[in-house]
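Participant: structure for the following, please:
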Amino acid sequence: MSSRRLRRRLSRKGKEKVIIPSYPEFEDEASTSELTATTAGYVDWTRLPDDTVIQLFSNLNYRDRASLTSTCKTWRALSASSCLWDSLDLRAHKCDALVAASLASRCINLQRLRFRGADSADVIIHLKARNLREISGDYCRNITDATLSVIAARHESLECLQLGPDFCERITTDAIKAVAICCNKLCKLRLSGIRDVQGDAINALAKHCPNLTDLGFLDCLKVDEMALGNVLSLKFLSVAGTSNVKWGVVSHMWHKLPNLVGLDVSRTDIGPAAVSRLLVSSQSLKVLCALNCPVLEGDVNFAAPKMKGKSLVALPTNIFEGIASLFADTAINGKNVFLEWRNSKKSNKSVDEVMTWLEWILSHTLLRIAENNPQGLDEFWLKQGAPLLLSLMQSSQEDVQERAATGLATFVVIDDENASIDRGRAEAVMRDGGICLLLDLAKSWREGLQSEAAKAIANLSVNVNVAKAVAEEGGINILAGLARSMNRLVAEEAAGGLWNLSVGEEHKAAIAEAGGVKALVDLIFKWSAGGDGVLERAAGALANLAADDKCSMEVALAGGVHALVMLARTCKFEGVQEQAARALANLAAHGDSNSNNAAVGQEVGALEALVQLTRSNHEGVRQEAAGALWNLSFDDRNREAIAAAGGVEALVALAQSCANASPGLQERAAGALWGLSVSEANSIAIGREGGVAPLIALAHADAEDVHETAAGALWNLAFNPGNALRIVEEGGVPALVHLCSSSVSKMARFMAALALAYMFDGRMDEFALVGTSSESSSKVVSLDGSRRVALKHIEAFINMFSDRQAFAAASVSSAPAALAEVTEGARIQEAGHLRCSGAEIGRFIAMLKNPSVLKACAAFALLQFTIPGGRHASHHARLMQNAGASRVLRATAAAATAPLEAKIFARIVLRNLEHHQAELS
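Facilitator: Residues are numbered from 1 along each chain as shown. The predicted structure is shown next:
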């Protein structure tokens with residue numbers, strides 16, 4: 001039977017949840033200067049000065065510092081230095097009570113702590129860091145009153161507490177009161193998503209926290225506005241995103257706060273009247289931030305009162321100029337206001353406080369706006385939003401930098417599910433120098449910055465121009481380095497960046513050269529349990545890389561076959577299954593150029609896993625698994641092994657279920673059956689399992705690719721007379737006739753014609769006559785009608801490739817040019833990818849003796865299979881020589897009664913055979 005075309009799955013961009021330690025190449029300049037002072041590039045680590053070692057340790061996360069304590073006594077002592085343990089970031093690592101207890105001895109002087117999730121919050125007390133000044137947590141949705149109250153009770157010196165930006169749904173007024181009572185040194189409190197912030201909690205803060213200057217209740221459902229007017233110590237207040245605010249109360253109460261300098265009411269329903277009253281009435285207020293306030297922005301007649309020393313930050317205003325107006329120095333450039341402030345040699349404490357607060361507020365609000373992606377903000381993002389985010393990425397506040405990078409990753413996304421981004425926004429970031437800024441952040445030793453910068457690079461790289469810029473600026477090497485990180489979040493986002501970059505053919509070799517292939521394979525082994533996000537991105541990137549012949553070898557050499565099969569067998573996450581199957585499909589798509597096809601088939605459990613995945617509830621998984629089995633079926637051993645693993649039954653069931661599926665799934669389901677049906681035994685099994693009917697249904701599909709695979713499978717099945725009869729009985733003749741005459745695809749028309757030729761060359765008639773006389777009589781009548789229709793359309797198909805003028809010239813001339821002209825007119829380019837068995841070639845040779853139009857059809861088919869340059873033309877020529885085809889061809893060419901097309905095509909095939917014979921000799 002025929003070995004069909006190589007099915008090469010092209011690279012496909014994936015989804016960004018979407019859509020991501022420190023290494024020698026990322027060491028800071030201070031460390032590098034110390035190391036380069038040594039001779040011949042050799043560093044004697046034991047002789048480094050203590051302060052240099054401490055400097056190096058300061059650029060490592062707590063986990064790596066702890067690991068280095070086991071190297072020697074000196075480093076163990078130095079790694080415990082209090083200056084290395086004044087700050088701790090637990091976000092990327094699972095922290096349970098045992099881990100916390102092991103760190104406790106080093107946390108005596110811990111000042112700042114960042115954590116993620118309720119589980120980490122529960123074990124904070126086990127660190128025994130009673131001198132903590134700052135606690136910042138995210139993913140706090142499940143943190144309870146009890147947990148927060150215990151944290152407050154154990155850390156009475158707390159000055160700053162921030163929980164968000166996700167909603168703290170289980171925290172109530174009771175916990176806020178506990179914080180107020182226990183932490184009377186509190187200066188800054190920012191909480192997100194509290195359902196109801198009642199007056200007694202706010203009054204407790206006013207009573208017990210005299211130093212509270214910065215308060216934020218963000219995205220809350222309800223806040224007691226009257227009580228907020230009692231917190232007289234406040235300098236900065238934010239109720240951004242909070243609903244149900246009584247703005248009449250606010251405008252009459254909050255302007256009385258004597259120290260209020262900055263007020264943030266962004267993403268609320270505040271109106272022009274309240275904004276004007278607050279700006280005019282408050283003596284101390286300098287900045288009112290009201291970004292993305294629909295009521296305010298909907299009033300086209302609103303004009304903010306112009307008051308010296310006061311600024312309204314809103315979408316309709318020039319935000320940079322408004323912020324610049326806060327400075328007495330009028331020379332400050334609006335668009336560079338944050339940069340010039342940071343570089344200013346003149347220190348002004350009150351301005352510094354405002355600017356620091358503004359950085360935090362703007363980064364938070366811009367991220368929230370980007371996440372919600374409201375309509376009509378394109379102009380804002382291009383002119384102000386993107387430049388603001390780029391400016392905030394250069395902040396000295398790490399959390400501001402992180403949110404700004406996340407904002408860049410988010411605001412460009414149009415459709416997260418389909419990984420599409422806004423081209424204008426992405427290229428605006430690139431034009432304003434954003435790529436270099438992001439890559440600089442990605443080189444930071446701070447893992448939070450690495451993660452968010454890599455995520456932004458990944459999303460932006462969906463745009464081909466940005467991807468090119470990232471590659472030119474050295475981003476591939478940076479991402480490949482980050483993919484080796486022991487921090488799962490960093491590795492995940494770096495893998496996402498490599499996934500998107502690997503879509504471009506021009507980047508694949510660079511990723512391999514940077515060690516990206518090995519890093520991606522190692523990620524799969526490293527995070528095989530509990531790392532669905534990183535596994536999906538790593539497998540997706542490997543799938544893209546495997547579409548390239550050379551890179552596919554790199555994947556195999558790095559252990560990628562075993563890693564991907566392991567995912568296909570054991571991972572339950574559908575996104576991972578889909579990308580693993582796609583990667584295996586692409587690895588198996590190079591059967592003519594490397595051994596990966598056979599290697600995948602020989603990997604223990606690979607074929608069984610792919611067969612099982614065709615039964616998945618997820619269409620993408622089924623599609624990629626079927627595509628992998630299609631590619632793998634090009635190998636003879638794989639073909640039989642797939643059948644032994646239940647592949648025939650599974651793929652027939654898949655074909656039966658995909659009548660309303662996507663064209664991609666339909667194509668691969670039919671393609672896999674096409675590949676399996678190359679084997680006579682499989683072909684018979686497919687027919688017996690009911691595979692004929694769904695293939696006929698797929699032949700009626702709208703997509704050209706589905707036409708080809710369905711026609712190819714039916715062609716293979718029709719070789720067997722029993723299947724040929726089933727095709728007739730299931731109504732397959734009209735379907736094949738339709739393909740033969742109407743499909744846009746020349747290949748679909750060609751293979752449909754060959755299937756009809758198999759069905760009506762006489763062999764099916766013998767099979768159909770077996771049985772009772774009444775049954776055979778009815779079948780003969782049916783077959784006669786079908787035969788006439790089939791032969792008529794086969795003839796019409798052949799005539800599509802028959803230029804009367806060229807044929808007339810060839811009939812009276814023996815010049816090679818005349819035959820060459822006919823050949824070019826008749827050639828179907830993709831038919832050169834088809835590989836036929838000796839039995840099939842023999843059947844076409846036998847058809848040359850048929851007195852009907854099948855003679856011309858057989859000659860036309862043999863012409864396609866032997867055209868010099870075709871992938872399998874030499875193979876077909878050898879089979880024909882062994883079968884004595886030359887004699888039959890000469891007889892056909894000389895037959896007085898043969899159709900002109902048969903005679904000319906036969907002469908061309910003879911010339912092709914002579915060409916191949918000359919090549920062999």
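Participant: all strands of the stretch 401-550 of the chain, in order?
Facilitator: For the stretch 401-550 of the chain, the strands defined by DSSP state E, counting those that start in this stretch occupy 413-415, 420-421.
Participant: would you mind finding the most buried of these?
Facilitator: strand 420-421 (a mean of 20; mean count of other CB atoms under 10 Å). C-beta coordinates here come from the backbone N, C-alpha and C atoms, glycine included.
Participant: which residues are contacting that one?
Facilitator: 412-414, 459-460, 462-463 (CB atoms under 8 Å, 6 or more residues apart in numbering).
Participant: paired strands for that strand, with orientation please.
Facilitator: Counting by DSSP bridges, the strands paired with strand 420-421 are strand 413-415 (antiparallel).
Participant: where are the low-confidence patches of this structure?
Facilitator: Low-confidence segments of the chain (pLDDT under 70): 1-43, 45-46, 62, 66, 329-333, 768-782.
Participant: how is it divided into domains?
Facilitator: 46-84, 235-317, 328-442, 474-645, 648-767+783-799, 802-920 (the TED database).
Participant: with distance to Thr172 added, can I get those domains in CSV?
Facilitator: As requested, the domains of the chain are arranged in CSV below (distance: least, CB to CB, whole Å):
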stretch, distance to Thr172
domain 46-84, 32
domain 235-317, 16
domain 328-442, 23
domain 474-645, 30
domain 648-767+783-799, 47
domain 802-920, 68
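Participant: right, and those - which one's nearest Leu163?
Facilitator: Checking those against Leu163 by CB to CB gives domain 328-442 as the closest, at 12.5 Å.
Participant: which residues in the stretch 51-200 of the chain form helices?
Facilitator: For the stretch 51-200 of the chain, helices defined by DSSP state H, counting those that start in this stretch occupy the ranges 62-68, 73-79, 97-103, 117-122, 145-154, 173-182, 199-208.
Participant: which other helices and strands contact the shortest one?
Facilitator: Packed against helix 117-122, as judged by 3 or more CB pairs under 8 Å, 6 or more residues apart in numbering; DSSP states H and E, are the following elements: strand 134-138, helix 145-154.
Participant: rerun at 7 Å
Facilitator: helix 145-154 (3 or more CB pairs under 7 Å, 6 or more residues apart in numbering; DSSP states H and E).
Participant: the inter-axis angle of the helix it packs on versus helix 173-182?
Facilitator: If you take axes from the mean of the first three to the mean of the last three CA atoms, to 10 degrees, helix 145-154 sits at 0 degrees to helix 173-182.
Participant: now the angle from helix 145-154 to strand 134-138?
Facilitator: 160 degrees.
Participant: check contacts around Ile727.
Facilitator: Applying CB atoms under 7 Å, 6 or more residues apart in numbering to Ile727 gives the contacts 692, 714, 717-718, 759.
Participant: what about it, distance to Gly687?
Facilitator: With distances taken as CB to CB, to the nearest Å, Ile727 is found 9 Å from Gly687.
Participant: which residues do the two both contact?
Facilitator: Here Ile727 and Gly687 have Leu717 as joint contacts, going by CB under 7 Å, 6+ apart.
Participant: partners of the nearest residue to His872 once chain neighbours are set aside in the sheet?
Facilitator: If the residues on either side of it in the chain are set aside, His872 comes closest to Arg835, at 4.2 Å by CB to CB, 6 or more residues apart in numbering. Arg835 forms beta bridges with Ser3, as assigned by DSSP bridges.
Participant: okay, now Arg835: neighbour count?
Facilitator: 21 (other CB atoms under 10 Å).
Participant: do I have it right that it meets Gly870?
Facilitator: No: applying CB atoms under 7 Å, one finds Arg835 not in contact with Gly870, separated by 9.6 Å.
Participant: and Ser87, bridged to which residues?
Facilitator: Residues in beta-bridge contact with Ser87 (DSSP bridges): Arg112.
Participant: and the helix or strand containing Ser874, what's buried?
Facilitator: Per DSSP states H and E, Ser874 falls inside helix 873-882. For helix 873-882, the neighbour count (16 or more other CB atoms under 10 Å) marks 873, 875-880 as buried.
Participant: all helices of the stretch 251-400 of the chain, in order?
Facilitator: Going by DSSP H, counting those that start in this stretch, the stretch 251-400 of the chain shows helices at 272-281, 294-298, 319-324, 337-343, 349-372, 378-380, 386-392, 398-411.
Participant: name the residues of the second one that come out as buried.
Facilitator: If I follow you right, that is helix 294-298. Quick answer for helix 294-298 (16+ other CB under 10 Å): 295-297.
Participant: returning to what we had before: nearest approach to His618 belongs to which of the helices of the stretch 51-200 of the chain?
Facilitator: helix 117-122 (27.5 Å).
Participant: start and end of stretch 689-708, how far apart?
Facilitator: One end of stretch 689-708 sits 22 Å from the other (CA to CA, to the nearest Å).
Participant: who's in contact with it?
Facilitator: Contacts of stretch 689-708 (CB under 7 Å, 6+ apart): 648-649, 652, 655-656, 659, 663, 666-667, 670, 673, 710-711, 713-714, 717, 723, 726-727, 730-732, 735-736, 739, 743-745, 747-748.
Participant: filter those down to the buried ones.
Facilitator: 648-649, 652, 655-656, 663, 666-667, 670, 673, 710-711, 713-714, 717, 723, 726-727, 730, 732, 735-736, 739, 743, 745, 747-748.
Participant: residue contacts, Asp422?
Facilitator: Shown in contact with Asp422 (CB under 7 Å, 6+ apart): 412, 414.
Participant: relative to Asn373, how far out is it?
Facilitator: Distance from Asp422 to Asn373, by CB to CB: 10 Å.
Participant: CA atoms only for stretch 638-646, dumped as CSV, please.
Facilitator: The C-alpha trace of stretch 638-646 is given here as CSV (Å, rounded to 0.1, in the frame of the first residue of the first chain):
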residue,chain,number,x,y,z
ASN,A,638,5.3,1.9,14.1
ARG,A,639,2.4,1.3,11.8
GLU,A,640,1.9,-2.3,13.1
ALA,A,641,2.7,-1.3,16.7
ILE,A,642,0.0,1.4,16.6
ALA,A,643,-2.5,-1.1,15.4
ALA,A,644,-1.4,-3.6,18.2
ALA,A,645,-1.9,-0.8,20.7
GLY,A,646,-5.6,-0.4,19.7
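Participant: so what touches that stretch?
Facilitator: With CB under 7 Å, 6+ apart as the criterion, stretch 638-646 contacts 597, 601, 607-608, 611, 629, 632-633, 675-676, 678-679, 682, 685.
Participant: circling back: okay if I get the strands of the stretch 401-550 of the chain as TSV plus distance to Val621?
Facilitator: TSV is the format used below for the strands of the stretch 401-550 of the chain (distance: least, CB to CB, whole Å):
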stretch	distance to Val621
strand 413-415	21
strand 420-421	22
